[in-house]
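**Student:** attaching a predicted model along with its sequence, questions to come.
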Amino acid sequence: MKFETICAAFFSPTDTTKKVVTTVAKTLAAELDIPCELFDFTLPAARANPKAFSPDTLVVFGTPVYAGRVPNVLLKYLDTVQGNGAAAVPVVLYGNRNYDDALIELRDILEIDGFHTVAAAAFIGEHSFSKILAAARPDAGDAEKAERFAKSVAQKLGEAAALTDIPVIAVEGTPKPYRGYYQPRDRKGNSVDIRKVRPLTSDECINCKLCAAVCPMGSISFDNIREFTGICIKCGACIKKCPKHAKYYDDAGYLYHQHELEEGFTRRAEPETFL
C-alpha cells in the first residue's frame, strides 16, 4: 500500500490537539518516507470552503473533546469535508476527565465523509478551563506514546496489501445514538449552564488584539476586544494566549465547574490507542 503524502488536519484553539496530531503525522511521514503537510482549520477562514482530500493521502484528523463529544460548532463544517477514499486516523484530545463518545463520533463522521479509518487514539491535553488540570500536557510522555502509536500504524499499513483489507477501526464509545453532551451539576444535582458565559477583560489589557485574532469563532471584535459579536465556546484560546493574562471568567457557575473538575480529576489519565 502506497501513500503520496501525510496530512495533519486539526481544530486546536490552544494548540494541544495540534501537538499530538502533528507528532503522529510527522512520525508517520518519517516511517513511510513521504512528505507531511498541515491543514489547520481552527480559524473561521480555513473553514470557509470545503476541504477535499485525495485518495492517496493518509490523514491524521484531530479535534478536542467538548462535553464528551466532537465540538458541535464543527459538525456543519465537518459534513462538507470530502475524504474521497483517503485513509484516516481520528484523534481526539480531552482535558483529563473523559472522552466519552467523542472518538466514536469522529470516526463515524470521517467514515460518512468518505474516509477509511484505519486506527484511532484519544490523548490528553491541558483542560481549556484550567491551568492545573492536566497541566502542560501533552508532555514528553504523551509525545513518546504518540510516536509509538504512529510507528504501529505505519507497521499495520505496511502489512496490508490494500486499504480495503483493513476493517473500519473499532473504538470505545456508544454507537449511535450517542450519549448526550456532558452536563455539569452543582452539589444539589442542579444543572450548571455556562453556554452563554463569556470572558471578561481586565485593565491589564494592552489592546494587542491577539484575543480577536485567535478566537476560532471570530467572535471577539477587533474594534473593541471587550465586545463579543458571536458565540463563545469556552475554548480558552483568548485566555491562555493573552500575553498580559487580561482575559478571565467571574461567572459563579463556570468557576464552580472549573474547580469541580480540578478537584475531581487529579489522576493522570493516559492515552488510549486503537489499532
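**Tutor:** Great, that's in hand. Only a predicted model underlies this, so the values are computations on that prediction, with no experimental measurement involved. Numbering: from 1, shown residues only.
**Student:** wait, doesn't residue 182 sit right on residue 65?
**Tutor:** No. Using C-beta atoms under 8 Å, residue 182 is not in contact with residue 65; the gap is 9.1 Å. For glycine as for every other residue, the C-beta is placed from the backbone atoms N, C-alpha and C.
**Student:** who touches both of those two?
**Tutor:** Both residue 182 and residue 65 are in contact with residue 100, where contact means C-beta atoms under 8 Å, 6 or more residues apart in numbering.
**Student:** which ones are touching the closest residue to residue 51 other than its chain neighbours?
**Tutor:** Among residues not flanking residue 51 along the chain, residue 81 sits closest, at 5.2 Å (C-beta to C-beta, 6 or more residues apart in numbering). By C-beta under 8 Å, 6+ apart, residue 81 lies in contact with 50-53, 113.
**Student:** and residue 31, how close does it get to residue 61?
**Tutor:** 18 Å (C-beta to C-beta, to the nearest Å).
**Student:** which of those two has more neighbours?
**Tutor:** When neighbours are counted by other C-beta atoms under 10 Å, residue 31 and residue 61 differ, and residue 61 comes out ahead with 31 against 18.
**Student:** hang on, the earlier thing: residue 182 and residue 65: who's more crowded?
**Tutor:** A direct count of neighbours by other C-beta under 10 Å for residue 182 and residue 65 places residue 65 higher, at 28 against 15.
**Student:** could you check the pLDDT of that one?
**Tutor:** Note on residue 65: pLDDT of 98.
**Student:** does it touch residue 90 like I think?
**Tutor:** No. Counting by C-beta under 8 Å, residue 65 stays clear of residue 90, with 11.8 Å between them.
**Student:** give me the secondary structure label for the residue nearest to residue 173 when sequence neighbours are not counted.
**Tutor:** Using C-beta to C-beta, 6+ apart and skipping the chain neighbours, the partner closest in space to residue 173 is residue 104 (3.0 Å). Under DSSP: H, G, I helix; E, B strand; the rest coil, the three-state class of residue 104 is helix.
**Student:** what do you get for residue 158?
**Tutor:** Taking three-state DSSP as the rule, one finds residue 158 in the helix state.
**Student:** what residues are up against the closest residue to it other than its chain neighbours?
**Tutor:** Excluding the flanking residues, the one nearest residue 158 by C-beta to C-beta, 6+ apart is residue 1, at 7.3 Å. Contact partners of residue 1, counting by C-beta under 8 Å, 6+ apart, are 157-158, 160-163.
**Student:** would you write a PyMOL line that selects the buried entries of these?
**Tutor:** To isolate the buried subset of the contacts of residue 1 in PyMOL, counting by 16 or more other C-beta atoms under 10 Å, use the following:
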select buried, resi 157+163
